[in-house]
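1. quick check, what structure comes out for this input:
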Amino acid sequence: MTAAAESEIVVPGPDEPIITSEAGDPTTVREVGDLTTSPEGGDAATASEADGHTAAPGELGQPVRRLRKLRWPFAIAPVRVFAPVLVFVLVMSAWSIASHFLIAPESRFLLPPPEAVVSKGLLDAATRAEILQALGATVQIALVGLAIAIVLGVAFAVIMSQARWAEYSLYPYAVILQTIPVLAVVPLFGFWFGYEFGSRVIVCVMVSLFPVITNTLFGLKSVQASEHDLFTLHGANRWQRLVKLQLPAALPAMISGFKISAGMAVIGSIVADFFFRQGNPGIGRMIDVYRQRLATEELLTSLLLSSLVGLILFWIFDFLAGRVDRAHGKRARR
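-> Numbering: from 1, shown residues only. Predicted structure coming up:
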C-alpha cells in the first residue's frame with residue numbers, strides 16, 4: 001500500500017465503491033484527516049480541507065459528519081451564583097450575631113442589626129427618597145468623570161505609544177497625578193473652579209485617570225513584533241497600524257483599566273461631596289449628615305448603595321471584557 005493510502009483503512013459502507021490498491025488488495029481506502037473539534041463544538045475537518053480542497057458530496061475523501069460537542073450552559077452558573085450568595089448569608093449572619101449578642105443594647109446604635117438597616121434605610125419612604133436622590137447626583141458625576149477619564153486616558157496612551165519622547169515627557173506626570181493626595185487638592189479645586197458640578201467632575205477625573213493610561217499603554221505596547229513586521233510588509237502606515245492592530249489588541253487591557261477606574265470614579269465623587277457643599281447634595285454629603293446625627297442605619301444604607309453602584313459598573317465592564325476575550329479567541333482560532 002502506498003503512502004497516499006496509509007492514512008486510514010475502513011470497512012466499506014453499502015454505497016461506497018471498492019478501490020483496489022496498487023498491491024491489488026480489494027480494500028476501501030478513504031483519505032480521512034484527524035477529526036478536530038473546536039472548543040465551542042465547531043466543525044470537523046479533514047486533511048483534504050487543510051490542503052485547500054473541499055470534497056463535494058459523494059466524492060472520495062468527503063468529510064465525516066460534523067460532531068458537535070455537548071455544551072452545558074448552566075454547568076458553571078451554580079458555582080458563580082450560589083458561592084457569592086453563600087458568602088452573603090454568612091456575612092449577614094455574623095453581622096446579626098455580633099449586633100444582637102456581642103454588643104450591649106445601649107451601644108447597639110454603633111452596629112445596628114441588618115433588619116434595622118433595611119427597615120430604616122430602605123423601607124422608610126422618606127429616607128429612601130432622600131438617599132436615592134443623593135445617590136443619583138453622585139452617579140451622574142461619577143459617570144461623567146469616568147467618561148472624560150476614559151477619553152483622556154486613551155488619548156494620552158495613544159500619544160505615548162507612538163513616540164518614545166512623548167512617553168518620556170508625559171508618563172512621569174501621570175504618575176505624579178496618581179500620587180497627589182486628593183484630600184489636599186480638593187479645597188484648591190473649590191477655590192479655582194467653584195464648588196458645584198464642575199469641581200466634582202474634575203476630582204473624579206483626577207482619581208480615575210491613571211488606571212486608564214497605564215492599562216491602555218500596556219495593551220498598545222504588548223503587540224508582538226511579528227505582527228508589526230507583517231503590517232510593515234504590507235506597507236501599512238502609522239494610522240492603519242494603530243487602528244487595525246494596536247487598538248484591537250489593546251482592548252482587553254483597556255477594559256481592565258476601565259473596571260478599576262469605574263470604582264475609583266464613584267469614590268472620587270463621594271470624596272468631592274464631603275468638601276463641596278453647594279449644588280445638588282450627593283451621597284457623600286448625606287453620609288456626613290448621617291454621621292453627625294448618629295443615624296447609623298441610614299449611614300450604612302448609603303454606604304452599601306454606593307458600593308452597589310461601583311459593583312454594577314464593574315460588572316458592566318467585566319461583561320464587555322468577556323465578550324472581547326471571546327471575540328479574540330475566535331479570531332485566533334481562525
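2. which SS state does residue 311 fall under?
-> Using DSSP: H, G, I helix; E, B strand; the rest coil, the secondary structure recorded for residue 311 is helix.
3. any idea how far it is from residue 154?
-> Remark: distance between residue 311 and residue 154 (Cβ to Cβ, to the nearest Å) = 24 Å. Where C-beta positions appear, they are placed from N, C-alpha and C, glycine not excepted.
4. and these two? which has more neighbours close in?
-> Neighbours around residue 311 and residue 154, counted as other Cβ atoms under 10 Å, are more numerous at residue 154. The numbers are 21 against 13.
5. what residues are up against that one?
-> Residues in contact with residue 154, defined by Cβ atoms under 8 Å, 6 or more residues apart in numbering, are 212, 216, 254.
6. counting contacts, what elements does whatever helix or strand the first one lives in pack onto?
-> Put plainly, it is residue 212. Taking DSSP states H and E as the criterion, residue 212 maps to helix 197-221. Packed against helix 197-221 by the contact rule (3 or more Cβ pairs under 8 Å, 6 or more residues apart in numbering; DSSP states H and E) you find helix 125-162, helix 164-179, helix 182-193, helix 247-275.
7. and the angle from the last one to helix 197-221?
-> Between the axes of helix 247-275 and helix 197-221, defined by axes from the mean of the first three to the mean of the last three Cα atoms, to 10 degrees, the angle is 150 degrees.
8. with the longest one instead?
-> Helix 125-162 and helix 197-221 are oriented at 40 degrees to each other (the same axes, to 10 degrees).
9. same deal with the shortest one?
-> Using the same axes, to 10 degrees, the inter-axis angle of helix 182-193 relative to helix 197-221 is 120 degrees.
10. what are the buried residues along helix 182-193?
-> Burial within helix 182-193, assessed by neighbour count using 16 or more other Cβ atoms under 10 Å, is assigned to 186, 189, 190.
11. check the longest one too.
-> For helix 125-162, the buried set under the neighbour-count rule, 16+ other Cβ under 10 Å, comprises 127-128, 130-131, 134-135, 137-146, 148-150, 153-154, 156-158, 160-161.
12. quick one, it and helix 164-179 angle?
-> In this structure, helix 125-162 runs at an angle of 150 degrees to helix 164-179, with the same axes, to 10 degrees as the basis.
13. check the third one too.
-> Compare the direction of helix 182-193 with that of helix 164-179 by the same axes, to 10 degrees and you get 100 degrees.
14. what bits of the stretch 201-334 of the chain have low per-residue confidence?
-> Filtered on pLDDT under 70, the stretch 201-334 of the chain yields the residue ranges 277-279, 328-334.
15. state the distance from residue 299 to residue 115.
-> For residue 299, the distance to residue 115 under the criterion Cβ to Cβ works out to 16 Å.
16. so between these two, which is more surrounded?
-> Neighbours around residue 299 and residue 115, counted as other Cβ under 10 Å, are more numerous at residue 299. The numbers are 20 against 12.
17. how about the more buried one: what's its closest non-neighbour residue?
-> Closest residue to residue 299 in three dimensions, ignoring its sequence neighbours and counting by Cβ to Cβ, 6 or more residues apart in numbering: residue 290, at 4.0 Å.
18. cool, residue 262 as well?
-> Distances taken as Cβ to Cβ, 6+ apart put residue 313 closest to residue 262, at 3.7 Å, once the chain neighbours are dropped.
19. repeat for residue 113
-> residue 99 (4.1 Å).
20. check residue 223 too.
-> The nearest residue in space to residue 223 (Cβ to Cβ, 6+ apart) is residue 249, at 4.9 Å.
21. figure out which of the helices and strands packed on helix 197-221 is closest to residue 240.
-> Distance to residue 240, taken as Cβ to Cβ, is lowest for helix 247-275 among these, at 11.0 Å.
22. which helices and strands does the helix or strand following the closest one pack with?
-> Toward the C-terminus, helix 247-275 is succeeded by helix 283-293 as the next helix or strand (DSSP H and E). In this structure, helix 283-293 makes packing contacts with helix 125-162, helix 247-275, helix 296-333, judged by 3+ Cβ pairs under 8 Å, 6+ apart.
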